[in-house]
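*Asks:* Sequence and computational prediction follow.
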Amino acid sequence: MGKVVILEDKISLIATSTFGTEAIVAEELRKLGYNNLNVKDGKVTFEAPVSAVCRANLWLRCADRVFLKMGEFDAETFEQLFEGTKAIAWERWIPKDAAFPVTGSCIRSKLMSISDCQSIIKKAVVERLKLRYRLNIFPETGHRYKIVFWILKDRVILALDTSGDGLHKRGYRRLTTAAPLKETLASALLYISRWSEEKPLIDPFCGSGTIPIEAALMGLNIAPGINRRFDAMNWTEIDLKLWNESVEEARDLMQSGKKLRIYGYDVDSTAIETCRFHAKEAGVGEMLHFQVRDMRQASSRFEYGIVVTNPPYGDRLGNKNENAVLYRDMSKTFKTNLGTWSYFIITSDIDFEKHFGQKADRKRKLYNGGILCYLYQYYGPKPPKRN
């Protein structure tokens, strides 16, 4: 089993996210019971018990990864970077047989060479571990403890990646379609829309099914990481009991008996087959309704609901001209068939509002695969209150 971490120990963690979704990740962490959050530049830093490594990885829908923060200091020279790294107690977490690759980024810093920073940080960690393990050469044949650094304006943050693969890899999306939306961003769109399980939802461009599937996971309160593994599951410094308890908690909180009204349409029959396969892999196949249907036939028997969608968009002139027609048709269809619904549409086309023929009530800057996009938000009338 190795060293067991005391449950009351507090550690510093960082949940990273794509720019524009930090506040959503912070809201998720508060719902998990973690407060005193520091939200800044694609990172949410927080203090929590060691069990938070397990619970954050299992439950965060919109974060990219969860990191164990090891240290932070200023460095304007490579010598300062070396000494600052060496001063950190890496032996607290990294065993003598661990594989510990180094990766990171440098932005507006005097230390601009990423490869040199990688080499210096690696050397400093080795020198620190030599003092603890009395070894000159480390075999690195064991489990992975990936070291990540961020250097911004000569401020260095060093951390260990507890997630491994990005948190968007839930494990259900095994087939590919053109321009898929990341699961984490799909969840962020749903959070922004304030969709909840009692509301009907339509995605008229469902592609591989990501938005409807993520909605079903949310509606049934299924932890998005319940069916995958994380690097920190192999760390002997975290008692396996913490992982087992966190997984058991997640299974107890599932609400599989709910009935959901979630619909995904796509004009491509192959895409719909892919949606159904992915929904089954995610364990929500019976909760979703996928259908081969052109967006122009989108309709619903429900008077009120929410559209959340990622329509086609591209940078080539031909695509833009086609999309202009598509957006005009979308506006006409929504107003005619879904006139009392709310719409949340993400696209990189800066002329979307002009083509759609209506100024959005709100728009929010987001990044989809590194592409600057806006989420255009159109609010329908509120449903009458039930007695």
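*Replies:* Looks like it arrived, so ask away.
*Asks:* Domain-wise, how is the chain divided?
*Replies:* 10-161, 183-223+257-378 (automatic domain parsing).
*Asks:* which residues of the stretch 151-300 of the chain fall in strands?
*Replies:* 155-161, 201-203, 262-266, 288-292 (DSSP state E, counting those that start in this stretch).
*Asks:* what about the strands in the stretch 1-150 of the chain?
*Replies:* Under the criterion DSSP E, counting those that start in this stretch, strands of the stretch 1-150 of the chain are mapped to 10-16, 38-40, 43-49, 65-74, 102-107, 147-152.
*Asks:* Just tell me which of those strands ends up closest to residue 277.
*Replies:* For residue 277, the closest of the strands of the stretch 1-150 of the chain is strand 65-74, at 26.6 Å, according to C-beta to C-beta. Placement of C-beta: from N, CA and C, glycine included.
*Asks:* now for that closest one, which elements pack on it?
*Replies:* If you count contacts as 3 or more C-beta pairs under 8 Å, 6 or more residues apart in numbering; DSSP states H and E, strand 65-74 packs onto strand 10-16, helix 51-59, helix 78-86, strand 155-161.
*Asks:* Run through who's touching it.
*Replies:* Strand 65-74 is contacted from outside by 11-16, 45, 53, 56-57, 60, 80, 84-85, 87-88, 90, 93, 147-148, 154-163, 166-167, 232, using C-beta atoms under 8 Å, 6 or more residues apart in numbering.
*Asks:* In CSV, list the C-alpha atoms belonging to that strand.
*Replies:* C-alpha atoms of strand 65-74 as CSV (Å, rounded to 0.1, in the frame of the first residue of the first chain):
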residue,chain,number,x,y,z
ARG,A,65,-7.3,18.7,-15.4
VAL,A,66,-6.6,18.7,-11.7
PHE,A,67,-3.1,19.4,-10.5
LEU,A,68,-1.4,19.1,-7.1
LYS,A,69,0.4,22.4,-6.6
MET,A,70,3.9,21.8,-5.4
GLY,A,71,5.3,25.4,-5.2
GLU,A,72,5.4,28.9,-6.5
PHE,A,73,8.3,31.4,-6.7
ASP,A,74,9.9,34.2,-8.8
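*Asks:* quick one, it and helix 51-59 angle?
*Replies:* In terms of direction (axes from the mean of the first three to the mean of the last three C-alpha atoms, to 10 degrees), strand 65-74 departs from helix 51-59 by 130 degrees.
*Asks:* Pull out the buried positions in strand 65-74.
*Replies:* Going by neighbour count (16 or more other C-beta atoms under 10 Å), the buried part of strand 65-74 is 65-71, 73.
*Asks:* What of stretch 222-234?
*Replies:* Those buried within stretch 222-234 under the rule 16+ other C-beta under 10 Å are 222-226, 228, 230-233.
*Asks:* Identify, out of the strands of the stretch 151-300 of the chain, the most deeply packed stretch.
*Replies:* Comparing those by mean neighbour count (mean count of other C-beta atoms under 10 Å), strand 201-203 ranks first with a mean of 28.
*Asks:* Starting from that one, tell me which strands it pairs with and how they run.
*Replies:* Taking DSSP bridges as the criterion, strand 201-203 forms sheet pairs with strand 262-266 (parallel), strand 306-309 (parallel).
*Asks:* Can you add mean pLDDT and distance to residue 209 and give these back as CSV?
*Replies:* Below are the strands paired with strand 201-203 laid out as CSV (pLDDT from 0 to 100; distance: least, C-beta to C-beta, whole Å):
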stretch, mean pLDDT, distance to residue 209
strand 262-266, 98, 6
strand 306-309, 98, 12
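*Asks:* Dump the ones you listed to a markdown table, plus distance to residue 201.
*Replies:* Converted to a markdown table, those look like this (distance: least, C-beta to C-beta, whole Å):
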| stretch | distance to residue 201 |
| --- | --- |
| strand 262-266 | 5 |
| strand 306-309 | 5 |
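*Asks:* of the ones you listed, which approaches residue 173 most closely?
*Replies:* Of those, nearest to residue 173 by C-beta to C-beta is strand 262-266, at 13.9 Å.
*Asks:* Turn the helices and strands packed on strand 65-74 into JSON lines, including mean pLDDT and distance to residue 207.
*Replies:* Shown next, in JSON lines, are the helices and strands packed on strand 65-74 (pLDDT from 0 to 100; distance: least, C-beta to C-beta, whole Å):
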{"stretch": "strand 10-16", "mean pLDDT": "96", "distance to residue 207": "25"}
{"stretch": "helix 51-59", "mean pLDDT": "98", "distance to residue 207": "25"}
{"stretch": "helix 78-86", "mean pLDDT": "98", "distance to residue 207": "43"}
{"stretch": "strand 155-161", "mean pLDDT": "98", "distance to residue 207": "29"}
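*Asks:* burial of the residue nearest to residue 298 when sequence neighbours are not counted, as a residue count?
*Replies:* Excluding its sequence neighbours, the residue lying closest to residue 298 (C-beta to C-beta, 6 or more residues apart in numbering) is residue 204, at 4.4 Å. Residue neighbour count, defined by other C-beta atoms under 10 Å, stands at 26 for residue 204.
*Asks:* same question, residue 143
*Replies:* Neighbour number of residue 143 under other C-beta under 10 Å is 17.
*Asks:* cool, and residue 34?
*Replies:* Residues lying near residue 34 (other C-beta under 10 Å) number 20.
*Asks:* picking up where we left off before, next, the contact list for the residue nearest to residue 298, please.
*Replies:* Here residue 204 is in contact with 265-266, 293, 295, 298, 307, 309, 311, 330 (C-beta under 8 Å, 6+ apart).
*Asks:* Same question for residue 328.
*Replies:* Neighbouring residues of residue 328 by C-beta under 8 Å, 6+ apart: 355-357.
*Asks:* which of those lies closest to residue 39?
*Replies:* Distance to residue 39 across these (C-beta to C-beta) is lowest for residue 356, with 31.7 Å.
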